[in-house]
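S.K.: this one's structure only:
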């Protein structure tokens with residue numbers, strides 16, 4: 001399967017310790033749609049000693065959880081060229097949390113909406129979503145169930 005999206009991961013030392021920045025956003029809440037494949041590029045040197053992994057528990061193994069490995073692959077050593085963690089999200093996957101295996105408090109939440117949720121995957125994925133009602137507003141009127149009103 002081709003990669004649905006690649007995220008660039010950097011680690012920044014903040015006033016409250018090291019934190020993952022995902023595409024430049026500190027501990028960003030992510031939406032990883034079922035059946036989508038997401039690559040977390042950890043080749044930036046700031047990732048040295050900060051392997052990104054997933055868990056069903058916030059802060060992963062640091063909070064008594066276990067590493068979530070379904071559909072997860074890793075490559076290389078964080079902080080080195082070509083290093084990444086990749087996940088193909090399983091159907092009915094639980095809410096996930098990304099975390100650093102070596103240090104607590106660095107990660108964030110990765111919600112896992114169904115692949116048929118409108119906008120969950122890109123148009124090229126051929127999954128258009130489900131929508132029971134189509135409403136377009138214009139001024140004080142809207143088209144709803146085939147009638148203006």
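M.R.: Perfect, thanks for sending it. Fair warning: this is a prediction, and the values are worked out from it, not measured in the lab.
S.K.: so residue 73 touches residue 83, yeah?
M.R.: No - with contacts defined as C-beta atoms under 8 Å, residue 73 does not count as touching residue 83, sitting 12.0 Å away. Where you see a C-beta, it was placed from the backbone N, CA and C, and this is true even at glycine.
S.K.: can you pick out the residue with more neighbours from these two?
M.R.: residue 83 (21 against 12; other C-beta atoms under 10 Å).
S.K.: now do the strands in the chain.
M.R.: For the chain, the strands defined by DSSP state E cover 5-14, 17-22, 25-26, 30-31, 37-41, 52-55, 67-68, 72-75, 84-88, 96-100, 108-111, 136-138, 141-144, 147-148.
S.K.: would you mind finding the most buried of those?
M.R.: strand 96-100 (a mean of 25; mean count of other C-beta atoms under 10 Å).
S.K.: give the rounded mean pLDDT of that one.
M.R.: Average pLDDT, strand 96-100: 98.
S.K.: okay, the angle between it and strand 84-88?
M.R.: Following axes from the mean of the first three to the mean of the last three C-alpha atoms, to 10 degrees, one obtains 170 degrees for the angle between strand 96-100 and strand 84-88.
S.K.: what's strand 96-100 packed up against?
M.R.: strand 17-22, strand 52-55, strand 108-111 (3 or more C-beta pairs under 8 Å, 6 or more residues apart in numbering; DSSP states H and E).
S.K.: sketch out the low-pLDDT regions of this protein for me.
M.R.: Regions of the chain meeting the criterion pLDDT under 70 cover residues 1, 118-149.
S.K.: try 50
M.R.: Low-confidence segments of the chain, defined by pLDDT under 50: 125-145, 148-149.
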